[in-house]
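[1] this one's structure only:
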């Protein structure tokens with residue numbers, strides 16, 4: 001009887017140890033990080049959107065702006081897209097809207113980057129569903145494929161960024177029809193669909209450029 005009890009206890013201990021090893025080996029698999037957006041885009045562009053992606057890529061290249069910023073980021077609704085219900089990170093705008101992005105990319109390349117240094121896109125083209133998810137303005141220029149939200153790549157402080165953006169906008173904004181929005185942190189908006197400026201609440205009065 002005693003031997004049987006000892007054998008049963010040994011079996012329980014062995015089973016517990018085995019389970020611990022199994023769960024320890026599975027845990028990293030369960031915790032795998034989400035696939036990178038660049039990898040998702042590489043797969044997405046080969047699917048149903050293939051012809052549209054090839055078309056817009058060729059169009060931007062023909063206008064000399066294909067190498068300003070990554071196409072994957074231009075066509076991505078927002079870096080926060082995973083927060084949306086049934087998220088679709090990428091979309092190609094209607095062809096009639098493609099020309100609107102050209103002056104915006106040229107302005108970023110020729111006027112903005114020489115002042116701020118390299119930038120990365122945190123929000124590109126948004127269809128109405130994505131714009132609603134991110135609580136964008138009803139007349140958002142992101143819907144028109146004319147706007148990009150950006151952040152500096154260099155470790156600038158917010159004050160330093162504002163000190164560069166505001167004089168640039170004052171100097172060149174009217175000439176290039178630039179809209180400049182400066183949001184929380186170091187996120188800012190650039191479009192070439194009308195000369196104006198605003199702050200985090202989307203009103204002109206909150207623009208840091210007025211301080």
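    Thanks, I have the structure now. Predicted model, so just to flag it, every value in this text is computed and none were measured. Numbers count the residues shown, from 1 in each chain.
[2] number of residues surrounding the closest residue to residue 149 other than its chain neighbours?
    Excluding the flanking residues, the one nearest residue 149 by C-beta to C-beta, 6 or more residues apart in numbering is residue 123, at 3.7 Å. (Each C-beta comes from the backbone N, C-alpha and C, glycine too.) Around residue 123 there are 25 other residues, counting by other C-beta atoms under 10 Å.
[3] let me know the secondary structure of residue 47.
    In three-state terms, and counting by DSSP: H, G, I helix; E, B strand; the rest coil, residue 47 is coil.
[4] contacting residues around stretch 67-80?
    With C-beta atoms under 8 Å, 6 or more residues apart in numbering as the test, stretch 67-80 has contacts from 37-38, 41-42, 53, 56-57, 60, 88-92, 101, 105-106, 108-109, 119-127, 130-131, 133-134, 148-149.
[5] try it again with 6 Å
    For stretch 67-80, contacts defined as C-beta atoms under 6 Å, 6 or more residues apart in numbering pick out 38, 41, 57, 89-90, 105, 109, 121-126, 130, 134.
[6] next: stretch 195-206.
    137, 173-174, 177, 179-184, 207, 209.
[7] among the residues you listed, which two are most distant?
    Spanning the widest gap among those are 174 and 184, at 26.2 Å by C-beta to C-beta.
[8] any idea how far residue 168 lies from residue 125?
    24 Å (C-beta to C-beta, to the nearest Å).
[9] following element in sequence after the worst-scoring helix or strand of the chain on mean pLDDT, please.
    Least confident helix or strand of the chain, by mean pLDDT, DSSP states H and E, is helix 2-30 with a mean of 40. Later in the chain than helix 2-30, the nearest helix or strand by DSSP states H and E is helix 37-44.
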